[in-house]
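Visitor: Sequence first, predicted model second:
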Amino acid sequence: VPVSAHGSEGTNPADAAMCGIKIVSVGTEAKGKIDIEELRKICKIIHDNGGQVYMGGANLNALRNCSRGRLFRMILYYRRHIVHGTNFSLFFNLLQIMNVQMFNLHKTFCIPHGGKCPGMGPISVKRHLAPFLPFTPSTGGIPAPDKHQPLVTIAAAPWGSALILPISYTYIAMMGSKGLTDASKIAILNANYMAKRLEFFNGTVAHEFIIDLRGFKNTAGIEPEDVAKRLMDYGFHAPTMSWPVPGTLMIEPTESESKAELDRFCDALISIRHEIAEIEKGNADINNNVLKSAPHPPSLLMADAWTKPYSREYAAFPAPWLRASKFWPTTGRVDNVYGDRNLICTLLPASQAVEEQAAATA
Amino acid sequence: MERARRLANRAILRRLVSEAKQHQKNESVLHSSTTPMLLYSSSRCMSSVLRSRGSKTETLLGRNINMSRGVVVAAAGGFLGVGSARSISVEALRPSDTFPRRHNSATPEEQSKMAESCGFGSLDSLVDATVPKSIRLKDMKFGKFDAGLTENQMIEHMKDLASKNKVFKSYIGMGYYNTHVPPVILRNIMENPAWYTQYTPYQAEISQGRLESLLNYQTMITDLTGLPMSNASLLDEGTAAAEAMSMCNNIQKGKKKTFIIASNCHPQTIDICKTRADGFDLKVVTADLKDIDYKSGDVCGVLVQYPGTEGEVLDYGEFVKKAHAHEVKVVMASDLLALTVLKPPGEFGADIVVGSAQRFGVPMGYGGPHAAFLATSQEYKRMMPGRIIGVSVDSSGKTALRMAMQTREQHIRRDKATSNICTAQALLANMAAMYAVYHGPEGLKNIAHRVHGLAGAFALGIKKLGTVEIQDLPFFDTVKVKTSNAHAIADAALKSGINLRVVDGNTITVAFDETTTLEDVDNLFKVFAGGKPVSFTAASLAPEVQSAIPSGLVRKSPYLTHPIFNTYQTEHELLRYLYRLQSKDLSLCHSMIPLGSCTMKLNATTEMMPVTWPSFSDIHPFAPVDQAQGYQEMFNNLGELLCTITGFDSFSLQPNAGAAGEYAGLMVIRAYHLARGDHHRNVCIIPVSAHGTNPASAAMCGMKIVSVGTDAKGNINIEELRKAAETHKDNLSALMVTYPSTHGVYEEGIDEICNIIHDNGGQVYMDGANMNAQVGLTSPGWIGADVCHLNLHKTFCIPHGGGGPGMGPIGVKKHLAPFLPSHPVIETGGIPAPDKPQPLGTIAAAPWGSALILPISYTYIAMMGSKGLTDASKIAILNANYMAKRLENYYPVLFRGVNGTVAHEFIIDLRGFKNTAGIEPEDVAKRLMDYGFHAPTMSWPVPGTLMIEPTESESKAELDRFCDALISIRQEIAEIEKGKVDINNNVLKGAPHPPSLLMADAWTKPYSREYAAFPAPWLRTAKFWPTTGRVDNVYGDRNLICTLLPASQAVEEQAAATA
């Protein structure tokens, strides 16, 4: 398992362990970049030594910096040589599922963002692995292999969470082959556009569109979490934080965001970069600044007493679009340590909830 | 044997205890007053029998179950008999999804507690003290649905009805077209309670979202019609045309009494105008375009259709010039999709343009609801009917929207009103506006070109077939076919699931729309080929198709250029735009909206579900009735149910708003008098406590209004009324009465009042606005009324939609049933039908009004059942009395019944505070926003007051929250009265407080930020934020802007407000 292996939220090593496979880690080169030639070499090495190649479905990063020709050749290579964890287009389907479910749940039923969507993780294999797909008397691979030697059962239901498959099916059927291909191209374009807009502040070329915040720990005492919380004040959810590299943010815009939205997000990060610069220059206190105190809920911003060294308006409305429409966080920064040291995972008794609310209000 | 029995009982008890614990979680037991639910402790289901044994029940359910024989027998009553073991009660096995307990919020315990706080031992004794004995109904029973269906049974029933509707491919046209409702709009507006449970945007600061959407609508209409001002929607195209006719009459100051309608208008439009004209002595003349002349000098206006009802697109340039030369106003009824490619009416010089926005993403729905429009010049702004959204500024100088020129409204102008339009079609206007936002100008033009191209392909193909003749006039979407065999072709079409319009025995028109496909056109070729093979397809003909629009009539001017119509064309962007607007508006999703007389109550999810089913939404209103048997069955059932509820003999479902129902009710009375030869009966007596639009409706029927006052207690002055009736006994037509009155009182002498009117030759119209206080307890027919309209969007749960849709069907006694309205295309009348119909004319464009929203009221009634509905009325009364009791020590309660109770609503008097604290009702209304509430009805029916109507679907907790807010505000007023707070600079005058103000770096108020923002504890948990400070009404009326500001100006004003 390379240290840069994907799988959702870095689950690859755990998956291997669950299968009783001994894990051998290999490192990455400094550039962190894979191109088609190297990919070809990697697969050949593994195959020559009797192994099989599993590739996770979250493979956009490998595509992002490819030229068009290389992208095409890589797709061909996939089809001939690669075992997919999730095939190319189904990856987008999962994203769509997440988007659709989150939007609906969030807006209609007020479940906050960060709720986990239902997901589906079908696998596709080369012919020689097809007999080993999970099997019951009524299911197996699609299309079916000649002889079944099923690895046993993975999920309780024969076709997993079948009810949400129409979501992926309709997406693919409506997009058509060209639409899906355009989606990939635009996803790549969007990522590169954002990387280009943000690269000046990173100081180095973005890798797989990861922006590196590690330097700010030294120069301004700023951690990725501080940027994540301050992004809430700009009305945004943070990118993936501190993974796969600690101290970084991984940004994936997708093809369904408009240029206006990409620009807003870049503007927010650029503005935050300026806020960090104020700390670096000594114009803002390293411990008591707008990032360390973020997010700023209404109850804080409207409190009669205001003791921050920056203004209320600056905390609340750091960008012009927030005047027209603002998403308000309802709490200040949540104390993770407290929650782990005092583990309570059912509803508080009603009386205690009232007392705690009163204490917080006082 | 005794030991065996004891052991058996113990085992049974153990099993029941176990099952009881399981069932408790599901609240699976129904309420029953005859079979004690021994072991179930859910308070909502506990019967009165069980309640008296509560302590024993708790013992049985607790850890220490006393198993002694005596206790078991005593606790069980007859349930566990000494002589034998019995199985679990059948009640426990009944369905778990009963509806009344989901709608009627107060639990039995809360009901008792609340009644006791009002000084009554029980809910029933409170109701007995409130509803006069002389009009009290003993019982209300339904023939069907008496017990009430469960939610799932209701859904199954509606599916069954839906299966009886056949959705044919429609080419009927005539103002109604199939359309693709974008799913993002369907789910996020039409199916979204945060949009459909808003009220009319009187409180602008918590309505900026839909005000912007309605402003988008107005901008869309003005752009497409080429006239500078539009209202925010009307009921349908036919009534919009009637309003335009009325405007022409008013523009000419009533001096010219003839209105000409061209025969190329839709037949329903012609009939509605004729019916309306009858009411104010206007003569309608229909004529072919070529025969229209103005020589009489008596013509106030002329109405033409563009494109015509049979599809023709004509050049009206010379026509308009000629009319104007004779000082005749020109009204053009038009089609929005056509106007994306045709020369706009404004460029011909039309004075008024009307039409429907239905085909912009709103389902046909067997007639509606749809948003109609009326556009005109600013010159006529004060005569324009309907609501107008205007641009103003808030207290910080920031641009803000509000309803402009409200002094035109009917409840203010009363008998001087020129229109009774009250409810509009705000929700549908929002949908149509978003359709335009989503497609943008290019998208709309593409749709129009496609529709036109398909029509052209059809015309070309039909010519090639040679079986019929094509009319050789320009067309946009409708092709006129001349044939000797129209009915045979239409019958062949029916066999293929196709509806064509048969104009007459020799004429068929075929109207194309957004949903038509190339394959559909091929199917039409087969029909018109009469069985012969067709050698071509629409696709193969496409290269040959020429535009049928003359170059002189092609639209050249740009439209929808504002960025809002060019920005949100991906689903993500539109979705976020919708939610940004939604987040600015308060709805029933946020809190109760206790608007007196408006009955803002639960619009249950099950009630809303059938509205978006294709078998209800995709049927053309003029489809053959045998294709809509599901609808017909629902109409018949609903008609019967409403007859039972109202005590009337027949119902018309045609009026499609409360105001339309008022008007229809009076027209029925008028027709009745005329039929009896009583042409002189034209006097209408209206108490000052009548509903706000009543005088306007009477004026529209040509009636002379005689007002009668109220006594000190707010009741109709019976002696004054008797005197008025006797004075006018030779000319008395009607009394208009609201019951309970808008003062929130069941007037004791209502039956005597009805007798007085009848004795003097008049008929009694009862306004159904307060029907929520009558259902099951009394009824208009029982009281003595002859006709009553029902606001299905009040008592019967059609959501208010932010300002419409609504439905106002009318019920009548048998002697008035023959006069119920009918329709020129599809005959309608009463349900059940009278013996000899003599219809008064046509009230709405569609035969059954806005049929698509009738399932909402139907499901509500059918699920509640007769007892549930009666309980709803009782609890509505209880809730109002409970609130009045809680508030009476803080605000004077203005009117009460003879026993000191109020009806389902009550009025609190704020007039004293003007003197003592300088506080007006508006100040309280705005401060309520800071508490997260929409204000009650303000300054009506009595200036300086608030009218509060809680409804039965609000919980005690919500009632208490609202009372707490008003009590807190009273204390804020007291601070002013004591001189502790400045009379001009206080938390009420400064309200509402939006975040931008509360977080401003500078804070100069004499009260704290936290006090302004969080005056009550619940606001810490969930707070609805107004997005603007107080909106300046005067500014908006003095600077009337009712389209979107140019983008650059919007940016400048935003910057100015921020600086």
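Guide: Noted; the coordinates are in hand. Residues are numbered from 1 along each chain as shown, chains lettered A, B, ... in the order given.
Visitor: so how far is B:Ala115 from the nearest residue to B:Ile783 once chain neighbours are set aside?
Guide: What sits nearest to B:Ile783 in space, not counting adjacent residues and going by C-beta to C-beta, 6 or more residues apart in numbering or on different chains, is B:Ile135, at 5.0 Å. Every C-beta, even on glycine, is put in place using the N, C-alpha and C of the backbone. Using C-beta to C-beta, to the nearest Å, B:Ile135 is found at 21 Å from B:Ala115.
Visitor: same check, this time on B:Ala325
Guide: B:Ala325 is 72 Å from B:Ala115, where distance means C-beta to C-beta.
Visitor: Just want to know which of those two has more residues nearby.
Guide: B:Ala115 (22 against 9; other C-beta atoms under 10 Å in any protein chain shown).
Visitor: Can you tell me which residues in the stretch 851-1000 of chain B are near chain A?
Guide: B:Pro995, B:Ser996, B:Leu998, B:Met999, B:Ala1000 (C-beta under 8 Å from any C-beta of the partner chain).
Visitor: need the contact list for residue 330.
Guide: Since no chain was named, I'll use chain A. A:Pro297 (C-beta atoms under 8 Å, 6 or more residues apart in numbering or on different chains).
Visitor: Switch to chain B, please.
Guide: B:301-302, B:304, B:316, B:319-320, B:323-324, B:348-352.
Visitor: 10 Å instead?
Guide: By C-beta atoms under 10 Å, 6 or more residues apart in numbering or on different chains, the residues touching B:Val330 are B:244, B:248, B:301-304, B:316, B:319-324, B:345, B:348-353.
Visitor: what's the offset of the strand or helix carrying it from the middle of its chain?
Guide: For B:Val330, the element it lies in under DSSP states H and E is strand B:329-335. Here strand B:329-335 is found 26 Å from its chain centre; the criterion is C-alpha atoms, centre = their mean, to the nearest Å.
Visitor: List every C-alpha atom in whichever helix or strand comes after it, with coordinates, as PDB.
Guide: On the C-terminal side of strand B:329-335, the nearest following helix or strand under DSSP H and E is helix B:336-339. Provided in PDB are the C-alpha atoms of helix B:336-339 (Å, rounded to 0.1, in the frame of the first residue of the first chain):
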ATOM      1  CA  LEU B 336     -46.200  34.400 -23.100                       C
ATOM      2  CA  LEU B 337     -44.400  31.700 -25.100                       C
ATOM      3  CA  ALA B 338     -45.700  33.300 -28.300                       C
ATOM      4  CA  LEU B 339     -44.400  36.700 -27.200                       C
END
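Visitor: in the helix or strand containing B:Thr859, what counts as buried?
Guide: Per DSSP H and E, B:Thr859 falls inside helix B:854-887. Neighbour-count burial for helix B:854-887, with 16 or more other C-beta atoms under 10 Å in any protein chain shown as criterion, is recorded at B:854-887.
Visitor: Next, the angle from the lengthiest helix in chain B to strand B:329-335.
Guide: If you go by DSSP state H, chain B has its longest helix at helix B:426-465. Per axes from the mean of the first three to the mean of the last three C-alpha atoms, to 10 degrees, the angle that helix B:426-465 makes with strand B:329-335 is 80 degrees.
Visitor: which other residues reach the next helix or strand after helix B:426-465?
Guide: Per DSSP H and E, the first helix or strand lying C-terminal to helix B:426-465 is strand B:469-470. With contact meaning C-beta under 10 Å, 6+ apart, strand B:469-470 is reached by B:458-463, B:479-484, B:506.
Visitor: filter those residues to the buried ones?
Guide: For the contacts of strand B:469-470, buried by 16+ other C-beta under 10 Å: B:Phe458, B:Ala459, B:Leu460, B:Gly461, B:Ile462, B:Val479, B:Lys480, B:Val481, B:Thr483.
Visitor: So which of those residues reach chain A?
Guide: Among the buried ones among the contacts of strand B:469-470, no residue lies close to chain A (C-beta under 10 Å from any C-beta of the partner chain).
Visitor: need these in a markdown table with distance to A:Ser177, can you?
Guide: Shown next, in a markdown table, are the buried ones among the contacts of strand B:469-470 (distance: C-beta to C-beta, whole Å):
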| residue | distance to A:Ser177 |
| --- | --- |
| B:Phe458 | 33 |
| B:Ala459 | 36 |
| B:Leu460 | 34 |
| B:Gly461 | 33 |
| B:Ile462 | 38 |
| B:Val479 | 37 |
| B:Lys480 | 43 |
| B:Val481 | 42 |
| B:Thr483 | 46 |
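Visitor: So which of these is the closest to chain A?
Guide: B:Phe458 (28.1 Å; C-beta to the nearest C-beta).
Visitor: I'd say that closest one and B:Thr509 touch.
Guide: No. In this structure, B:Phe458 is not within contact of B:Thr509 by C-beta atoms under 10 Å, at 11.2 Å.
Visitor: shared neighbours, those two?
Guide: The contact sets of B:Phe458 and B:Thr509 overlap at B:Tyr171, B:Val479, B:Val481 (C-beta under 10 Å, 6+ apart).
Visitor: Got phi/psi on the residue nearest the centre of chain B?
Guide: In chain B, the C-alpha nearest the mean C-alpha coordinate belongs to B:Gly806, at 2.0 Å (C-alpha atoms, centre = their mean). Per-residue torsions, B:Gly806: phi -150, psi 180 (degrees, to the nearest 10).
Visitor: now it: how far from B:Val902?
Guide: Here the criterion is C-beta to C-beta. By it, B:Gly806 lies 25 Å from B:Val902.
Visitor: Also A:Gly221?
Guide: In terms of C-beta to C-beta, A:Gly221 sits 64 Å off from B:Val902.
Visitor: Of these two, give the one with the bigger neighbour count.
Guide: B:Val902 (28 against 17).
Visitor: How about the residues of the stretch 201-350 of chain A by chain B?
Guide: Neighbours of chain B within the stretch 201-350 of chain A, by C-beta under 10 Å from any C-beta: A:254, A:256-258, A:260-261, A:296, A:298-306, A:311-317, A:320, A:322-328, A:330.
Visitor: what about A:Thr331, distance to chain B?
Guide: Using C-beta to the nearest C-beta, to the nearest Å, A:Thr331 is found at 11 Å from chain B.
Visitor: Once you drop chain neighbours, what's closest to that residue?
Guide: Spatial nearest neighbour of A:Thr331, chain neighbours left out: A:Pro297 (5.8 Å); criterion: C-beta to C-beta, 6+ apart.
Visitor: Report the contact partners of the one you found.
Guide: With C-beta under 10 Å, 6+ apart, A:Pro297 has these contacts: A:Met232, A:Asp233, A:Ala303, A:Ala316, A:Trp328, A:Pro329, A:Thr330, A:Thr331, A:Gly332, A:Arg333.
Visitor: 8 Å instead?
Guide: Listed by C-beta under 8 Å, 6+ apart, the contact set of A:Pro297 reads A:Trp328, A:Pro329, A:Thr330, A:Thr331, A:Gly332.
Visitor: JSON lines please, covering those and showing secondary structure and pLDDT.
Guide: As requested, those are exported to JSON lines (DSSP: H, G, I helix; E, B strand; the rest coil; pLDDT from 0 to 100):
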{"residue": "A:Trp328", "secondary structure": "coil", "pLDDT": "92"}
{"residue": "A:Pro329", "secondary structure": "coil", "pLDDT": "93"}
{"residue": "A:Thr330", "secondary structure": "coil", "pLDDT": "89"}
{"residue": "A:Thr331", "secondary structure": "coil", "pLDDT": "88"}
{"residue": "A:Gly332", "secondary structure": "coil", "pLDDT": "93"}
